[in-house]
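Student: Below are the sequence and a predicted model for it; my questions follow.
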Amino acid sequence: MPDRSPTDLHNWAGNIRFSPSRFERPSTLDEARAVVAAAPRLRVLGSGHSFNTIADSDAVMLSLAGIEPEANINALTGTVRVSGWITYAALSAAVHRAGFALHNMASLPHISVAGSIATGTHGSGDRNGNLATAVAAIEFIGPDGELRTVKRGDADFNGSIVHLGSLGVVHTVTLDLVPAFEMRQYVYDGLGFDAAVSHFDELTSAAYSTSLFTAWGPDPSFQFWVKRRTADQTHPFPQANWYGAPLADGPRHPVPGVDPAACTLQQGQTGPWHERLPHFKAEFTPSAGDELQSEYLIDRIDAPAALEALAGLGDKLGTVTQISEIRTMAADDLWLSPAYGRDTVGLHFTWVSDYEAVQPVMAALEEALEPFSARPHWGKLFTIPMNEVRSRYARMGDFERLRERVDPDEKFANGFTAAVFGGAGR
């Protein structure tokens, strides 16, 4: 198999230019295993939706996108065994056709399953764990090119799911499924800041999945997105308003003034779960990538105080924020998950595409969130010192010992993982 020279490799946003000495895109599993076994060091490139250098390598970069993905559904066990590089858009369509659903989806269905799980990426919902909590088994190509499977109940399982690409190349993932369901989506405009903070629990518990959007500024208010299962009769819907926020009179995009054509259908139109849980339609390119992103995940009990702290920075945030989203997720027991051990609120920021302008505001934001032990999203931008990030994960030492056993020569290391875990990173 001939070497391939990297040509203008970059992430989706274009803020990271990858620097591998060689880029490999095999067309079969056997070819992929051979690449892994032969490489001195290697990182995997998925859908490219990370905003930092977590996927970069100065050695070999591997994409499995040249291998035809598979999704094998087992109706008896209610699971699907899926190629790690498949997108959630492709997977959800196959799962729905078989009468099943995933319990959760992120705002974009265009991202890969393996990359989303490896970084602890999430959707929303008070009772919904992040995407990685659906994993029942994961199959890696190890540093020797051999396949290794870790199943729920195995001693290493909770440390192996959110793994930052440090335990091998993900070949397949087995995910738990639930019966297919239908949903309706509503948007409310102009929810006042005080109402959002004082009624935070009532708002986020009002539906299967909810989101609060704001651009901050001196007097912030929110769009309130409500994604409800049609079978849920616990609250009358649609309500005329939520704490003074009226029901939107037409479709909305999260970013004010942007055409909502790319957004999943709203205004109470019934549709299948995979066409309502994401914010954006699978058939649309999510955007031009003209943005940067950060996200900070905090203990749910700190959400009101954290939102007040952000409001104190409203003027600064408003100068560089395209949109900010607040979502919730249930606690889990995956060692490197940002929701490990605590019900969690995610504070997401879509910035303008100007790092020099964003960086000082990001630093001020991180300082304001410091009392809340915020865990930054592993695949997005942050400037919190890595020793501080490490201290916020109680099982970090256990993961490092697992990594030493599975990849003693640090084949899957890079500069990002060296900063997190130590080691050469070469």
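Tutor: Sure thing, it's come through.
Student: Please report phi then psi for G192.
Tutor: Phi and psi for G192, reported as degrees, to the nearest 10, are phi -70, psi 150.
Student: what's the burial count for it?
Tutor: Neighbours of G192 under the rule other C-beta atoms under 10 Å: 15. Where you see a C-beta, it was placed from the backbone N, CA and C, and this is true even at glycine.
Student: so it touches W242, yeah?
Tutor: No: G192 lies out of contact with W242 (C-beta atoms under 8 Å); the separation is 10.4 Å.
Student: quick one, helices of the stretch 151-300 of the chain?
Tutor: Taking DSSP state H, counting those that start in this stretch, the helices of the stretch 151-300 of the chain run over residues 157-160, 193-198, 200-204.
Student: ranking those by burial, who's on top?
Tutor: helix 157-160 (a mean of 22; mean count of other C-beta atoms under 10 Å).
Student: picking up where we left off before, need the helices of the stretch 151-300 of the chain in CSV with distance to W216 and mean pLDDT, can you?
Tutor: Formatted as CSV, the helices of the stretch 151-300 of the chain follow (distance: least, C-beta to C-beta, whole Å; pLDDT from 0 to 100):
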stretch, distance to W216, mean pLDDT
helix 157-160, 36, 98
helix 193-198, 10, 98
helix 200-204, 17, 97
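Student: just so I know, which of these lies nearest F416?
Tutor: helix 157-160 (18.3 Å; C-beta to C-beta).
Student: got a list of contacts for that closest one?
Tutor: Under the criterion C-beta atoms under 8 Å, 6 or more residues apart in numbering, residues 138, 140, 150-151, 154, 167, 333-336, 395, 398-399, 402 lie in contact with helix 157-160.
Student: Now, the residues you listed that are in helices?
Tutor: D398, F399, L402 (DSSP state H).
Student: By neighbour count, which of these wins?
Tutor: F399 (23 neighbours).
Student: So which residues make contact with the longest helix along the chain?
Tutor: Across the chain, the longest stretch assigned as helix under DSSP H is helix 355-369. Around helix 355-369, the neighbours that count as contacts under C-beta under 8 Å, 6+ apart are 15, 292, 294, 296, 298, 306, 309-310, 312-313, 316-317, 319-320, 347, 349, 351-352, 374, 381-384.
Student: How about stretch 24-32?
Tutor: By C-beta under 8 Å, 6+ apart, the list of residues contacting stretch 24-32 from outside reads 1, 3-4, 34-35, 60-67, 141, 169, 171.
Student: Repeat the analysis, applying 6 Å as the threshold.
Tutor: M1, V35, L62, S63, L64, G66 (C-beta atoms under 6 Å, 6 or more residues apart in numbering).
Student: between the residues you listed, which is closest to M105?
Tutor: Nearest to M105, judged by C-beta to C-beta, of the contacts of stretch 24-32 is L64 at 21.4 Å.
Student: Tell me how many other residues crowd that closest one.
Tutor: L64 has 27 nearby residues by other C-beta under 10 Å.
Student: what's the answer for I73, then?
Tutor: 19.
Student: Could you report the distance from D8 to R17?
Tutor: 8 Å (C-beta to C-beta, to the nearest Å).
Student: Between the two, which is the more surrounded one?
Tutor: Between D8 and R17, counted using other C-beta under 10 Å, the more crowded position is R17 (12 against 6).
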